[in-house]
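Chemist: When you get a sec, could you give me coordinates for this:
(one chain, ligands or ions: 1)
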Amino acid sequence: MIAPLVDISSVSHRFGQHTVLKNVSLTIEPGSYTILLGPSGSGKTTLLSILGGFVTPSEGKVLIRGEDCTAVPPAKRPTTTVFQDYALFPHMSVGSNVGFGLRMQGVDAAARTARAREALALVGLANAFDKKPHQLSGGQRQRVALARALVVEPAVLLLDEPLGALDLKLRRQMQDELKAIQKRVGTAFIHVTHDQEEAMALADHCVVMNDGRIEDEGPPERVYARPATRFSATFMGESTLIPGTVTAAKDGTITVATQVGALSLTGTVPAGTTVALAVRPEHLVLGATGGAVRLGTTKVSDVVFQGSFKRVLAVSEKDPALHFIARVPAAAAVQPGDIVAVSCDAGDIIFLTS
Ligand SMILES: Nc1ncnc2c1ncn2[C@@H]1O[C@H](COP(=O)(O)OP(=O)(O)OP(=O)(O)O)[C@@H](O)[C@H]1O
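Modeler: Just a heads-up that it's a prediction; the model follows:
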């Protein structure tokens, strides 16, 4: 087995009395694009700062290429960080900004220029070498910051909300570029975001964080299709969550008591287990002729037009605490106040026990 590029083991961190990372273990593979995804305050930036050497963890170890880097300062470890605000030197040319790290390493001027030009070409800014940062757009500045971080050929590139300052359209465009650049250079990227669309678009490996812990991790397709926890099911995309208790389990068939009645499903969860049944919006069927699992009738509370589809929010007629989120084609004739049956296919139900 090949050793992981980064091995974070049992890392905890406290700021004063406040424990912000709780026993986090994570490995990063060479050449991978890892996204740390989670709500504000979940500990993503602290974990990234520990990887970058800006924070020494209260407990645990960080190995990079097999070497213990836990307390090694930023400039002495094989990582570079791209910050949301770019942190470019305003008085220096773009070329000098990109070559700065090489200058610190004692690389001579001719080699610095050549490598800075190469890095700028890599990010699509071959003509910006002599410009000043203020002559560039936000997206271009972010690309300069990326070139500056890549030029020193780090083992791991750390990105803290790198697209956070960009407008939505540019953000989506830069996502595509970031992914393409990462594949071209083959450097492992670890990128912090709270934007789940960004996570799905970029990650080979998605790490869902909540309250200082890793809730779920894996390829984004797996995290979306089979989230490990309730939090993951609602943070990485949306889900309808139906709480229930397994009342009988025999020969691969279980009965789950829920607010919408007893549901007979295929599964191996033992009787007595408290579960949540999660269904993704695209798997909920509205209308009388639906899937095999009937989830009762609902009253539509809101319909949001989203271009190619409509997002429909509906409330169970049996229990107003139960909310459904469905996705229907843009042309579907559904309006607030409509009473509609909701169902799904048995295979589209995700059983969550934590
Ligand atoms: N230097 C610090 N001193 C004290 N508390 C801190 C410090 N840095 C972060 N925290 C606290 O640690 C917790 C985790 O913060 P962190 O920035 O890692 O979260 P995050 O998931 O990156 O959030 P965001 O998306 O808002 O940046 C928060 O409660 C924050 O207030």
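
Chemist: What residues are bridge-paired with the residue in the stretch 201-350 of the chain positioned nearest to the ligand?
Modeler: With CB to the nearest ligand atom, the shortest gap between the stretch 201-350 of the chain and the ligand falls at residue 209, namely 6.6 Å. C-beta here means a position set from N, CA and C on the backbone, and glycine is covered the same way. Note on residue 209: beta-bridge partners residue 214, judged by DSSP bridges.

Chemist: okay, now it: neighbour count?
Modeler: Neighbours of residue 209 under the rule other CB atoms under 10 Å: 27.

Chemist: Then residue 317?
Modeler: If we define neighbours as other CB under 10 Å, then residue 317 has 16 of them.

Chemist: Identify the residue spatially nearest to it, adjacent ones excluded.
Modeler: Distances taken as CB to CB, 6 or more residues apart in numbering put residue 297 closest to residue 317, at 4.8 Å, once the chain neighbours are dropped.

Chemist: where do the strands sit along the stretch 201-350 of the chain?
Modeler: 205-210, 213-218, 240-250, 253-258, 261-266, 274-279, 285-286, 293-305, 309-316, 323-329, 339-344, 350-352 (DSSP state E, counting those that start in this stretch).

Chemist: Now do the fourth one against strand 261-266: the angle between them, please.
Modeler: So the one you mean is strand 253-258. 150 degrees (axes from the mean of the first three to the mean of the last three CA atoms, to 10 degrees).

Chemist: okay, strand 253-258 in PDB with CA atoms only?
Modeler: Taking C-alpha atoms only, strand 253-258 is exported to PDB below (Å, rounded to 0.1, in the frame of the first residue of the first chain):
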ATOM      1  CA  THR A 253     -38.100  -6.800   5.400                       C
ATOM      2  CA  ILE A 254     -38.600  -4.100   8.000                       C
ATOM      3  CA  THR A 255     -41.600  -2.200   9.300                       C
ATOM      4  CA  VAL A 256     -40.900   1.400  10.200                       C
ATOM      5  CA  ALA A 257     -43.400   3.400  12.300                       C
ATOM      6  CA  THR A 258     -43.500   7.000  11.000                       C
END
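
Chemist: List the contacts of it.
Modeler: With contacts defined as CB atoms under 8 Å, 6 or more residues apart in numbering, strand 253-258 is touched by 242-249, 262-269, 271, 275, 277.

Chemist: which among the residues you listed end up buried?
Modeler: 242, 243, 244, 246, 249, 263, 265, 267, 269, 275, 277 (16 or more other CB atoms under 10 Å).

Chemist: which residues sit against the helix or strand harbouring residue 147?
Modeler: Secondary-structure assignment from DSSP states H and E places residue 147 in helix 138-150. When contacts are defined by CB under 8 Å, 6+ apart, helix 138-150 is touched by residues 80-83, 86-88, 94, 97-98, 100-101, 116, 119-120, 122-125, 128, 133, 136, 157, 162-163, 165-166, 170, 173-174, 177-178, 181, 185, 187.

Chemist: Now the element after that helix, going C-ward?
Modeler: The first helix or strand that comes after helix 138-150 along the chain, using DSSP H and E, is strand 156-160.

Chemist: Over that following strand, what's the mean pLDDT, rounded is fine.
Modeler: Strand 156-160 carries an average pLDDT of 96.

Chemist: The residue nearest to residue 317 - how many residues pack around it?
Modeler: Residues within reach of residue 297, counting by other CB under 10 Å, total 15.

Chemist: Return the residues in contact with it.
Modeler: So, once contact is read as CB under 8 Å, 6+ apart, residue 297 ends up touching 316, 317, 339, 340, 341, 342.

Chemist: these two touch, right, the second one and residue 298?
Modeler: Yes: counting by CB atoms under 8 Å, residue 317 does reach residue 298; the two are 6.2 Å apart.

Chemist: Now for these two: what residues contact both?
Modeler: With CB under 8 Å, 6+ apart as the test, residue 317 and residue 298 both reach residue 339.

Chemist: Against residue 36, how distant is the residue in the stretch 51-200 of the chain that the ligand sits nearest to?
Modeler: Using CB to the nearest ligand atom, residue 194 is the residue of the stretch 51-200 of the chain that sits closest to the ligand, at 5.1 Å. With distances taken as CB to CB, to the nearest Å, residue 194 is found 10 Å from residue 36.

Chemist: With residue 29 instead?
Modeler: 15 Å.

Chemist: Looking at the two, which has the bigger crowd around it?
Modeler: Set residue 29 next to residue 36 and count neighbours by other CB under 10 Å: residue 36 wins out with 29 against 14.

Chemist: Quick check: which element contains the more buried one?
Modeler: Using DSSP H and E, residue 36 sits within strand 33-37.

Chemist: Name the surrounding residues that touch stretch 299-310.
Modeler: 311-315, 317, 323, 327-330, 332, 334-340.

Chemist: Quick check: end-to-end length of it?
Modeler: 16 Å (CA to CA, to the nearest Å).
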